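Chemist: Need a 3D model of the sequence below.
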Amino acid sequence: MPPWLRFAFAALILGPGIAGAAPRVGYIFPPGGQRGTTVKVTFSGSELAGISGVYTTGKGLTATVEPGSSAAACTIDVTIAKDAPLGIQQIRCYGPAGLSNARFFDVGQWPETAQPQPAGPPLRISPPITINGRIASQSTRNGVEFHAHAGEKLVCEIQGLRILGQINDSWLKGYLEIVDSAGHVLLSSDGTPDDYYRWDPVVEFTAPKEGDYTVWFRDLNWRGAPMAVYRLTVAAAPQAFGIFPLGGKRGTTEAIHFSGPFLKDAVRTVAIHSDAPDTLELAYESPAGATNLRPFQASDLPNVLQAPGNNSRETAQQVAYPCVVNGRIEKDGLRDYYRFKLDKKEHVVLEAWSRRLGTPMDPQITLYNQQNKPIGSDDDSRGRDSRLERDLQPGEYTVCIRDIDERGGIAYPYRLFVAPQQPRFTLVATPDAPVLKPGASTVISVKAERTDGFDGDIAVTVAGLPKGATASALTIPKGKQEGKLTVTTTAESAAGLYNLTISGVGKAGTAELHATARTSETYNIQGTAFQRDLIGPILMVSAK
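Modeler: Residues are numbered from 1 along each chain as shown. Got it, this is the predicted structure:
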């Protein structure tokens, strides 16, 4: 079992068969806790009677189930190690009928408390602190009050969407405001103008004078529901609004600049291993605390940094083809230009990565020919990111990148691929949490998403099986998008939970391509299917 996977498998006592529906968790509260503490967490949902243990996809969490669970709720004591990694982990509970769906549990670094329910007068706090709250009903507004000196700076951060705070068929859409003792609104945010975390506001506040201040938080539309859980952190602590560059080449070392409150001259040197995954998560550790995690992309192409003054076609920065350019729209209204030369006819892909790497930028790319005539433009073909493909003759070309809303700043970095197609594939496995008796079999579906011209065979293997268990051979053939493999346990297979690592290998020319399957959970958000990636599949083998 991989070293990053840790689970509590205490008191798993299953009968000879598997009966009933698997447990389902609607929400957990509190949805996180501080390092080095034990937290009583209530799991609320259905089919929770008889829950016997907890499974987490991360380090540093252990759990004990308290007696007296009901179908609708159970209480679990979660102990967080002092060195548990900061950030969000997936957490599930299990019982005789199987493993529940995943919820998100955040490991924090500051003291914690809970917002009283129902909401009343503002809760008096002393930063740094994290408050676990819930917008439990319509028209609920929760407040916390603190004292600050003139010029004192604090960061107020909400985690709602990120920990699955939900109201009926929609997310908790956060609205935060800070008022002075006279009730004047000094600062407000609904999370969307900067869109660091979509509906989760994050603001930097500087007290104009010594006095008492109140942070109020509610749903933007004054809605509420028991599932609308959130975490509010108020601290004089660093917050990474952006990093630069957003990525680097595998097998090299890159200096990463972190930007945001309490992050003056913050630079972290990162070694990007030759086998690094496509996306990493990086934080900066400082005496004032650790920052939030930021996405960082690894690739095999040469990495180029933006040069100053490339804000017109006449001053376009010359780059060698192929490459990945790391740039930033440094202020509102700016546009960046890059020039590249082709020595022969090429099928060129221009692709911007920014929103997919956690920024608020909405990039648009435009391609110009040797006569400075636009020959292609794209916005939003990759979500909010852009991609443009053209068959180009030998010659010199210029590409422009900008934010479609003409915004800029430290939070508007991007990666611009100027390269041939980069064949690759991803894998998704279903189901997320299969359950098996010893000596039985189950079928796991593996779907392949092929991109950038990859259409070869994909050889699929499974690791992490129980001792003695087997998985059937699987090759997803050229042109096909899905295959099925059968996992079979033996009568001697030990009861337990097993994280299955399903891997695929394919070839594009002489290059060998690799991918590890993920699982996902689908949410019906306002009539639209919204998916989040999970770690899995997780196989549960019952007792004999």
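
Chemist: I'd like the next helix or strand past the helix or strand harbouring residue 497.
Modeler: Secondary structure assignment for residue 497, by DSSP states H and E: strand 496-499. Using DSSP H and E, the helix or strand that follows strand 496-499 in sequence is strand 501-508.

Chemist: Return the distance of that following strand from the chain's centre.
Modeler: 23 Å (CA atoms, centre = their mean, to the nearest Å).

Chemist: Pull up the pairing partners for the strand holding residue 497, direction included.
Modeler: Strand pairing for strand 496-499, using DSSP bridges, gives strand 538-541 (antiparallel).

Chemist: what's the average pLDDT for the partner strand?
Modeler: Regarding strand 538-541, the rounded mean pLDDT is 94.

Chemist: got a list of contacts for it?
Modeler: By CB atoms under 8 Å, 6 or more residues apart in numbering, the surrounding residues in contact with strand 538-541 are 55, 92, 94, 98-99, 432-438, 442, 465-466, 469, 487, 489, 493-500. Using the backbone N, CA and C atoms, a C-beta is placed for each residue, glycine as well.

Chemist: what are the C-alpha coordinates of that strand, in CSV please?
Modeler: Output in CSV follows, covering the C-alpha atoms of strand 538-541 (Å, rounded to 0.1, in the frame of the first residue of the first chain):
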residue,chain,number,x,y,z
ILE,A,538,-10.9,1.5,-2.9
LEU,A,539,-11.8,-2.1,-2.6
MET,A,540,-13.5,-3.4,0.5
VAL,A,541,-13.1,-7.2,1.3
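
Chemist: Which residue ranges make up the domains of the chain?
Modeler: Under automatic domain parsing, the residue ranges defining each domain of the chain are 6-108, 112-235, 242-299, 303-419, 424-541.

Chemist: Same list (these) but as a markdown table, adding mean neighbour count.
Modeler: Output for the domains of the chain, formatted as a markdown table (neighbours: other CB atoms under 10 Å):
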| stretch | mean neighbour count |
| --- | --- |
| domain 6-108 | 18 |
| domain 112-235 | 18 |
| domain 242-299 | 17 |
| domain 303-419 | 18 |
| domain 424-541 | 16 |
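
Chemist: before we move on, back to that, now, the contacts of strand 538-541 that are in helices?
Modeler: Among the contacts of strand 538-541, none falls in helices (DSSP state H).

Chemist: Direction included, what does the longest strand along the chain pair up with?
Modeler: Identified as the longest strand of the chain according to DSSP state E is strand 441-451. Partner strands for strand 441-451, per DSSP bridges, with pairing direction: strand 424-430 (antiparallel), strand 482-488 (antiparallel).

Chemist: would you turn these into JSON lines with distance to residue 542 and mean pLDDT?
Modeler: JSON lines is the format used below for these (distance: least, CB to CB, whole Å; pLDDT from 0 to 100):
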{"stretch": "strand 424-430", "distance to residue 542": "21", "mean pLDDT": "95"}
{"stretch": "strand 482-488", "distance to residue 542": "14", "mean pLDDT": "96"}
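
Chemist: wouldn't residue 162 be in contact with residue 32 here?
Modeler: No - using CB atoms under 8 Å, residue 162 makes no contact with residue 32, being 10.3 Å away.

Chemist: Show the low-confidence segments of the stretch 101-250 of the chain, by residue range.
Modeler: Across the stretch 101-250 of the chain, the ranges flagged by pLDDT under 70 are 192-197.

Chemist: mind listing the helices for it?
Modeler: Applying DSSP state H, counting those that start in this stretch to the stretch 101-250 of the chain gives no helices.

Chemist: Kindly export the helix or strand containing residue 257 (C-alpha atoms) in CSV.
Modeler: Assessed by DSSP H and E, residue 257 sits inside strand 252-259. The C-alpha coordinates for strand 252-259 follow below in CSV (Å, rounded to 0.1, in the frame of the first residue of the first chain):
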residue,chain,number,x,y,z
THR,A,252,15.2,20.7,-13.7
THR,A,253,15.1,23.1,-10.7
GLU,A,254,12.9,26.1,-10.6
ALA,A,255,12.7,29.2,-8.3
ILE,A,256,9.0,29.8,-7.5
HIS,A,257,7.9,33.3,-6.4
PHE,A,258,4.9,33.4,-4.1
SER,A,259,2.8,36.6,-4.1
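
Chemist: how much space is there between the spatially most distant residue from the centre of the chain and residue 398?
Modeler: Distance from the centre of the chain peaks at residue 371, with 42.6 Å (CA atoms, centre = their mean). According to CB to CB, to the nearest Å, residue 371 and residue 398 sit 11 Å apart.

Chemist: repeat for residue 215
Modeler: Using CB to CB, residue 215 is found at 47 Å from residue 398.

Chemist: Secondary structure element holding the closest residue in space to residue 238 that isn't next to it in sequence?
Modeler: Take residue 238 and drop its neighbours on the chain: the residue closest to it by CB to CB, 6 or more residues apart in numbering is residue 262, 4.1 Å away. Under DSSP H and E, no helix or strand contains residue 262.

Chemist: Thanks again, I'm all set now.
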